Structures are given as structure tokens and as C-alpha cells.
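In: dropping a prediction and its sequence here:
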Amino acid sequence: MGTIEKKYTLLESFLIFVFGGVAVGVIVPFMVVVTFPLTMLSAWIRLTLWNWFAVPYLHAPAVPYWAVVGLGVLVNTFSQSSSPNGYKPKASETFSMILMPVVVQLIGLGIAYIIHTHIS
């Protein structure tokens, strides 16, 4: 026996369409405004570290900034971890999942700067 599917009424469908459009119209630009600068900052940190250590000591070639941005996006695309089914993170967990990698990279940049100044 098959299960009976609940169908939405015309009013429910319209409200889902309207509120879904409003949500997308607000959430997507907000995500772009937040994530684009963080992506650019992460790429700059990675490029700086590459230029400080890989180029002079490993004699590796310099890499263009936009290539670092593209490689970072590619790596992040395939390195996302999934949450268990039904788990919904709290707002503070979501906030920390977004900002903690940037904070860790900034701390790493500070440590690398100290090393870079003492090596040079």
C-alpha cells in the first residue's frame, strides 16, 4: 500500500512561494556580503604564507591571487562535513562554524609573521 501524500492548497502554495522568495531575496545577498569578504581574506592569508615560505625556500613559483581564491573554493567545496540527520545547530554554533576558520587563519598568519621576521 502506498502512503497518501499531503498536497498543499492554492493559498498554502502561494504563501510558500511568496515567503520563500522573500527569504531567498534576503538570505542570499546576506550570505554573499558575509562570505565573499571572508573568502577574499582567507585567500590573501594563504597567498601571503605561500609568498613568505614556499617561494623563497622551496623555489616554487608565485601564484596569482585569483588562482588561490579558486583553489580555496574548490577545496572548500569538497571538504564540507555533514551533520547527523535531524541535527540543527544553534545560532552560536553556526556563528562559530563561520568565523572560527578565519580566526585560526589570522592566528596562523600572526605566528607565520613572527617566524618570517626572524628568518629574514
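Out: Happy to help now that I have it. Numbering: from 1, shown residues only.
In: drop to CA atoms for contacts and neighbour counts, all remaining ones
Out: OK.
In: what's the neighbour count on the closest residue to residue 65 other than its chain neighbours?
Out: Once flanking residues are discounted, residue 65 sits nearest to residue 47: 6.7 Å by C-alpha to C-alpha, 6 or more residues apart in numbering. Look at residue 47: counted by other C-alpha atoms under 10 Å, it has 20 neighbours.
In: could you measure from residue 47 over to residue 80?
Out: 22 Å (C-alpha to C-alpha, to the nearest Å).
In: ok, residue 39 touching residue 69?
Out: Yes. With contact defined as C-alpha atoms under 8 Å, residue 39 reaches residue 69; the gap is 7.2 Å.
In: what residue ranges in this structure score low on pLDDT?
Out: Counting by pLDDT under 70, the chain has low-confidence residues at 1-4, 81-83.
In: before we move on, back to that, what strand or helix carries the residue nearest to residue 65?
Out: helix 10-49 (DSSP states H and E).
In: and that helix, how far from the chain's centre?
Out: 11 Å (C-alpha atoms, centre = their mean, to the nearest Å).
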